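> no sequence for this one, just the structure:
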């Protein structure tokens, strides 16, 4: 169990409704698929879940009360009803994590004089900076992921389908200790590498082709994320030029990371390098994102994100360029911000490997 | 692309905002991870997504306009802005699929005289009854899933870890043609079978143990769902008694299915059988659920669901009993409702197999 970092008085609330599963897992350790959580100013944490998880909740959550609610009841409503005897209670909720339907049900059941108060992203902000336990899990997740990549690369050869490679990558992740992939594994070959989020197809890969693999493992609930490019046969000078440009952008972004700089400045480091190489227009997404219990967390490594990086933030660095109908290149590591730089967790080589 | 079944005049709207990814995939075919969709009364469908999916959207969605929006802009807001020149437009939205934050942003940007109108679960209701294309995909998904189960069962032996078995099941799903599991594979052994939603652990399975496998494949976007029990060594008379009771309950539920009966009556058929056997209290969840593009869809096969079953509805039938600290039994098939009964898609034997 973790302590919620919230100044209740300053937020103007007596209790905070915590709604998303990763937030609930972070605070309580509970890993079920249906839950709500209420933290009160006096430090009490109450977990709400349904009867499928009675035993699991008792195994995973200590340090607070668990209330078992019928499965089809809204957890947000159960939380409000839990406070039914507290007249005038001020309940914080996150408008981004609360549906309009939930809000309406809560409003209808509020205790006398009680009110609902908007409190945005408290747990998400707390989750940005990982503690040692979390960093150790992310490190393990990265290690497992790279080991699965290494074990699979040896087996890649012309004639395999993208989906065969994805199957092998995920199998190896499991065998190395992951509970599964942390997102849908991307294996794209040839012109399909130009799709930043391609689904693996049943297309068989040719003997002379560019291959993009974007994969992450989930271990102890924590995500890793890595993208590597391979080439079956020798890449053309053009493709090598693309690769070099993206690699330089990735290294520039990595080099710009340290405590105190903004997320936006890391994005700029990659973007300016690609602009200088004449590929600025082809870099159509942001440079990276935080990761942890979720594959996409705060901060966003993008132009407009002014978050100051802090030691313990885990982020991805993954610039890429995409030429429709031709191909694309992306190179991605998972790193942890330190006082004077960053710790690049991903051990996999960034040489442009030809198979 | 599918036509939205909505009487706009009756719903009192000129346009419907469609918000969840499965709903959007159902209507447009688009499979990206970030999208919004707007359908207007004149039958025009507009898809909103971000630049990562420019190429993919053009490949997957024909028959309407695609608008590329910056990734960090709310799709709901983009949809409202798309209608900015339509004074007085009435826009339908689903309060269960819309966050409070989205509603507030939409309200702030509404065109003059326009209003937001609650329209609940239109696409979800339409999705309950599957068309022939969908049933064919669910059938394939079930087939792939059972083939993966068969290929794995042969390899199960004492000393394997639950997580090894899960890895093999998912690998075989992929090899047989799935894009991945349709939910987190459950492999639980011994007393852990009493946890309806157990995560596979690194525990090695003993030589004389009950094993629960609950697995589903995803194929062409469509889910399957199956639970089978195995026993390493010979099960005790007590465990065989549990198994027989759950099997009879499952068969009773299957037998009760036909067009026109309520979802609740199917739940009752299973529940009454287990009650008659003295296990009523131990059946702590509902009898099943619809499935399709999502693993859990409408209708719920539970006491209070009054939905009348219709031909083409795809549902699971999965009664179970759970004895904390001892073990649990669940048996589950995927079926499609027909006029006079149901088509049990799952081909896997329901004999209580001893390995």
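Done, it's in. The model shown is predicted, which means the values in this text are computed figures rather than measured ones.
> To which secondary structure element type does residue A:211 belong?
The local conformation at residue A:211, judged by DSSP: H, G, I helix; E, B strand; the rest coil, is strand.
> what's it in contact with, if anything?
Residue A:211 is in contact with A:156, A:187, A:188, A:189, A:193, A:205, A:229, A:230, A:231, A:232, counting by C-beta atoms under 8 Å, 6 or more residues apart in numbering or on different chains. Every C-beta, even on glycine, is put in place using the N, C-alpha and C of the backbone.
> do residue A:289 as well
Contacts for residue A:289 (C-beta under 8 Å, 6+ apart) come out as A:295, A:296, A:297, A:299, A:300, A:301, A:315, A:316.
> my guess is the fifth one meets residue A:285, correct?
The one in question is residue A:300. No - contact between residue A:300 and residue A:285 fails when scored by C-beta atoms under 8 Å: they sit 10.5 Å apart.
> ok, for the residue in the stretch 251-355 of chain A that chain B sits nearest to, nearest residue in space, not its chain neighbours?
Here the stretch 251-355 of chain A gets closest to chain B at one residue, residue A:284, 4.3 Å apart by C-beta to the nearest C-beta. In space, and not counting its chain neighbours, residue A:284 is closest to residue B:51: 4.3 Å by C-beta to C-beta, 6 or more residues apart in numbering or on different chains.
> thinking again about what came up before, could you dump the contacts of residue A:211 to CSV with neighbour count and distance to residue B:307?
Listed next are the contacts of residue A:211 as CSV, based on neighbours: other C-beta atoms under 10 Å in any protein chain shown; distance: C-beta to C-beta, whole Å:
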residue, neighbour count, distance to residue B:307
A:156, 19, 48
A:187, 28, 40
A:188, 26, 41
A:189, 25, 44
A:193, 27, 45
A:205, 23, 46
A:229, 26, 50
A:230, 20, 50
A:231, 18, 53
A:232, 20, 52
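> Strands - which of those land there?
Of those, the ones assigned to strands by DSSP state E are A:187, A:188, A:189, A:229, A:230, A:231, A:232.
> Format those as TSV; extra columns: distance to chain B.
What follows is the ones in strands among the contacts of residue A:211, written out as TSV (distance: C-beta to the nearest C-beta, whole Å):
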residue	distance to chain B
A:187	11
A:188	11
A:189	15
A:229	17
A:230	20
A:231	21
A:232	21
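> Out of these, which comes closest to residue A:3?
Relative to residue A:3, the closest of those is residue A:187; by C-beta to C-beta it sits at 41.4 Å.
> Which of residue A:300 and residue A:285 has more residues huddled nearby?
Between residue A:300 and residue A:285, counted using other C-beta atoms under 10 Å in any protein chain shown, the more crowded position is residue A:300 (21 against 18).
> picking that back up, what's the neighbour count on the residue nearest to residue A:284?
Other residues near residue B:51 number 14, with proximity taken as other C-beta under 10 Å.
> Let me see the contact set for it.
If you count contacts by C-beta under 8 Å, 6+ apart, residue B:51 has them with A:284, A:285, B:68, B:70, B:71.
> most distant residue from the middle of chain A?
What lies farthest from the middle of chain A is residue A:112; by C-alpha atoms, centre = their mean that is 39.8 Å.
> ok, that residue touching residue A:88?
Yes - Residue A:112 lies in contact with residue A:88 (C-beta under 8 Å); the separation is 7.3 Å.
> hmm, back to that, which one is the residue farthest from the centre of chain A nearest to, not counting chain neighbours?
residue A:87 (4.8 Å).
> List phi and psi for the one you found.
phi -60, psi 140 (degrees, to the nearest 10).
> if I look at it, how far off is chain B?
Residue A:87 sits 24 Å away from chain B, taking C-beta to the nearest C-beta, to the nearest Å as the criterion.
> ok, that residue - contacts?
Contacts of residue A:87 by C-beta under 8 Å, 6+ apart are A:111, A:112, A:113, A:114.
> Show me what from the stretch 201-350 of chain A comes close to chain B.
Applying C-beta under 8 Å from any C-beta of the partner chain, one finds that the stretch 201-350 of chain A approaches chain B through A:202, A:284, A:285, A:286, A:300, A:302, A:304, A:322, A:324.
> Those residues: which two are farthest apart?
Maximum distance among those (C-beta to C-beta): 39.1 Å, for A:202 and A:304.
> before we move on, the earlier item: quick check: of the contacts of residue A:87, which lies closest to residue A:225?
Of all the contacts of residue A:87, residue A:225 sits closest to residue A:114, with 41.7 Å by C-beta to C-beta.
> And the pLDDT at that closest one?
With respect to pLDDT, residue A:114 has a value of 96.
> Quick check, it in contact with residue A:85.
No - if you go by C-beta under 8 Å, residue A:114 and residue A:85 don't touch, sitting 10.6 Å apart.
> Okay, strands next: where are they in the stretch 51-200 of chain A?
Shown for the stretch 51-200 of chain A, the strands assigned by DSSP state E, counting those that start in this stretch span residues A:65-68, A:90-93, A:115-118, A:180-181, A:186-189.
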